[in-house]
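>>> Provide a 3D model corresponding to the input given below.
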Amino acid sequence: MSSPKEDTIAFDYGVWEPVIGLEVHAQLLTESKLFCGCSASFGAEANAHTCPVCMGMPGVLPVLNRHALEYAMRTALATGCTIPPRARWARKNYFYPDLPKGYQISMYEEPLAVGGGVDIETPSGRKRITLTRIHMEEDAGKSIHDAHDDHSLVDLNRAGVPLMEIVSEPEIGSPLEASAYLRALRAVLQFLAVCDGNMEEGSMRCDANVSVRRRGTEKLGTRTEIKNMNSFRNVEHAIDYEIRRQIDVIEAGGTIVQETRLWDADRGLTASMRSKEHAHDYRYFPEPDLPPLVVDRAWVEELRRGLPELPRRRCERFVAEYQLPQYDAEVLTARRDLADYFEAAVALHQNAKAISNWVMGDILRLVRERRLDDALVITEWPVRAESLAAMIALIDDETISGKIAKTVFEEMVATGDEPAAIVRRKGLEQVTDTNAIAAAIDDVLASHPDKVAEFRAGKDKLLGFFVGQIMKATGGKANPQSVNEILRGRLTG
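The predicted structure is shown next:
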């Protein structure tokens, strides 16, 4: 079948229009599970975090985790959802070894929240992706299949872990929009501190419903569901592949079968997993062991008042308050801890653009190299925000040059020392004495009379050569602006 070149996805499908809806499962950052007191932490020995409730033993009753409900409601409010007066728990019935009760406690006809939306930036401007619903449910366990053995194992540590399912309307128009939606949603969840958004560990999982139709038509095509996408990159590639697969099938005279397909990242394709279930296949009915969920309206308003400044609003403020380019503001507000770090530095030195440049460049480079951003909150920065601000202040008052600052920064990272102390210890103060700079320039010009003649004959590019020689002669300490001004005067005088 047709496919784009490696790593160069072209989202142009000719006369065909993709229609995409996403279902995101976000694990809530509670210490315990949704209906029992077992730990919800990741990475423990198999079946260490289990009890009769999450193992589905007869005669036990679930008790709702209030913190999980609070986190889900905060998410609903942050995305502009309506929280109805009542929600209702339901049993979703299916049989699989890692589902110990034979059903999953979820919500169906009466979810926790409806409506709302997530704003994304597209090449044609801002677009709002409407949410269908947000509901809560418990996670299933994990089946472990060993290809070298004749049986499978079951780990129930994850059984009962609290999840939110956030369902979008089928309003996403391309793989790029799908990725943008997920990034925007993850930023909201991280700003609220309700989910760490780690797709690789499965604490944020995404299923995509994909169909295609001819442009200009209203009728939706038959959709397939894609699972097993554990990164933004995989989401883009998997959806793109499925769109092209469906187009090829239809144009060859075939029909699309409603089914669930798995993304195989190694082979770069989706493969059929099972026929797509309908709601009636799960035989939903109200959960008899839990009463309807009636949320106190005063509590809802209290949570609404306590919401933090969210990514979109903070991004807009960074542009307005600090006069940052839109791109800078979007990068800096992609994570709450990154935005906090930036503002901590700006509070001490009012050169927002210079601080932004250093944060987006050297700071983020080290953060990614050291995988510090794997955590929900970065607590060990390569250098403290106060130290970064102090170093940039030294550049601005011409104590050091931008080039010398790179050396100072490396020393700050290696030793943790303050920039002023490093400058003093290593003798890195910038030479601003114009007489000393002029003397160094005269020595360089006297040593290269042939190059001076060539420059005066029109070879302007030699200016860079002279600057390099002068900076070398002064150990890189000469003030670059003074060097350029005096040098040009000497060469043209």
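>>> mean confidence score for stretch 196-203?
Per-residue pLDDT over stretch 196-203 has a mean of 86.
>>> by contact count, what packs against the helix or strand containing A184?
In the assignment (DSSP states H and E), A184 maps to helix 175-192. Helix 175-192 is packed against strand 16-27, helix 66-78, strand 117-122, strand 125-138, strand 204-214, helix 232-251, helix 311-322, with contacts defined by 3 or more CB pairs under 8 Å, 6 or more residues apart in numbering; DSSP states H and E. (Each C-beta comes from the backbone N, C-alpha and C, glycine too.)
>>> between that helix and strand 16-27, how big is the angle?
20 degrees (axes from the mean of the first three to the mean of the last three CA atoms, to 10 degrees).
>>> any idea how far helix 175-192 is from the chain center?
Centre-to-centre, helix 175-192 and its host chain are 7 Å apart (CA atoms, centre = their mean, to the nearest Å).
>>> ok, R186 - contacts?
Applying CB atoms under 8 Å, 6 or more residues apart in numbering to R186 gives the contacts C195, G197, M204.
>>> which parts of the stretch 251-400 of the chain are strands?
259-264, 269-275, 285-286, 293-294 (DSSP state E, counting those that start in this stretch).
>>> quick check: which of those strands is nearest to L163?
Ranking those by proximity to L163 (CB to CB) places strand 293-294 first, at 15.5 Å.
>>> and of the strands of the stretch 251-400 of the chain, who's closest to D396?
Of all the strands of the stretch 251-400 of the chain, strand 259-264 comes closest under CB to CB, at 49.4 Å.
>>> on that earlier part again, ok and the helix holding A184 relative to strand 204-214, angle-wise?
Using the same axes, to 10 degrees: helix 175-192 against strand 204-214 is 150 degrees.
>>> worst mean pLDDT among the strands of the stretch 251-400 of the chain?
Lowest mean pLDDT within these: strand 269-275, a mean of 87.
>>> what's that strand packed up against?
Partner elements for strand 269-275 (3+ CB pairs under 8 Å, 6+ apart): strand 224-229, helix 232-251, strand 259-264.
>>> adding distance to G14 and mean neighbour count, write these out as TSV.
Formatted as TSV, the helices and strands packed on strand 269-275 follow (distance: least, CB to CB, whole Å; neighbours: other CB atoms under 10 Å):
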stretch	distance to G14	mean neighbour count
strand 224-229	20	21
helix 232-251	8	20
strand 259-264	22	18
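>>> closest one to G173 among those?
Here helix 232-251 is closest among these (CB to CB), at 10.7 Å.
>>> what angle do that closest one and strand 269-275 make?
Using the same axes, to 10 degrees: helix 232-251 against strand 269-275 is 70 degrees.
>>> helix 232-251 to strand 224-229, inter-axis angle?
150 degrees.
>>> tell me the angle of helix 232-251 relative to strand 259-264?
On the basis of the same axes, to 10 degrees, helix 232-251 is oriented at 130 degrees to strand 259-264.
>>> how about the helix holding A184 as CSV, C-alpha atoms only?
Taking Å, rounded to 0.1, in the frame of the first residue of the first chain, the C-alpha atoms of helix 175-192 are listed here in CSV:
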residue,chain,number,x,y,z
PRO,A,175,-2.7,13.1,12.6
LEU,A,176,-1.0,16.4,13.4
GLU,A,177,-4.1,17.7,15.1
ALA,A,178,-4.4,14.5,17.0
SER,A,179,-0.9,14.9,18.4
ALA,A,180,-1.5,18.6,19.2
TYR,A,181,-4.7,17.7,21.0
LEU,A,182,-2.9,15.1,23.1
ARG,A,183,-0.1,17.5,24.0
ALA,A,184,-2.5,20.2,25.0
LEU,A,185,-4.6,17.8,27.1
ARG,A,186,-1.5,16.4,28.8
ALA,A,187,-0.3,19.9,29.6
VAL,A,188,-3.7,20.6,31.3
LEU,A,189,-3.4,17.4,33.3
GLN,A,190,0.1,18.1,34.4
PHE,A,191,-0.7,21.7,35.4
LEU,A,192,-3.5,20.4,37.5
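>>> pLDDT of that helix, averaged?
95.
>>> wait, doesn't G402 sit right on L394?
No. Counting by CB atoms under 8 Å, G402 sits too far from L394 to count as a contact (10.5 Å).
>>> pick out whichever of these two has more residues nearby.
L394 (22 against 11; other CB atoms under 10 Å).
>>> tilt between the helix holding A184 and helix 66-78?
Using the same axes, to 10 degrees, helix 175-192 lies at 130 degrees relative to helix 66-78.
>>> helix 175-192 vs strand 117-122, what angle?
Going by the same axes, to 10 degrees, helix 175-192 makes 130 degrees with strand 117-122.
>>> per-residue confidence at T379?
Per the predicted model, pLDDT is 89 at T379.
>>> now G493
Predicted confidence (pLDDT) for G493: 67.
>>> same check on H280?
Reported pLDDT for H280: 68.
>>> what bridges to the residue nearest to I172 when sequence neighbours are not counted?
Nearest residue to I172 in three dimensions, chain neighbours excluded: I20, at 3.9 Å (CB to CB, 6 or more residues apart in numbering). Using DSSP bridges, the bridge partners assigned to I20 are I172, V210.
>>> which ones are touching E165?
By CB under 8 Å, 6+ apart, E165 lies in contact with E23, V24, H25, S106, R133, I134, H135, M136, E137.
>>> my guess is the second one contacts L185. True?
Yes. Using CB under 8 Å, V24 is in contact with L185, at 6.3 Å.
>>> what is in contact with the two at once?
I166.
>>> returning to that earlier point: how about the helices and strands packed on helix 175-192 in TSV, adding distance to V452?
As requested, the helices and strands packed on helix 175-192 are exported to TSV (distance: least, CB to CB, whole Å):
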stretch	distance to V452
strand 16-27	64
helix 66-78	65
strand 117-122	52
strand 125-138	55
strand 204-214	63
helix 232-251	54
helix 311-322	45
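>>> could you find the closest non-adjacent residue to the residue nearest the centre of the chain?
For the chain, the residue nearest the mean C-alpha position is R183 (4.8 Å; CA atoms, centre = their mean). Distances taken as CB to CB, 6+ apart put F232 closest to R183, at 6.4 Å, once the chain neighbours are dropped.
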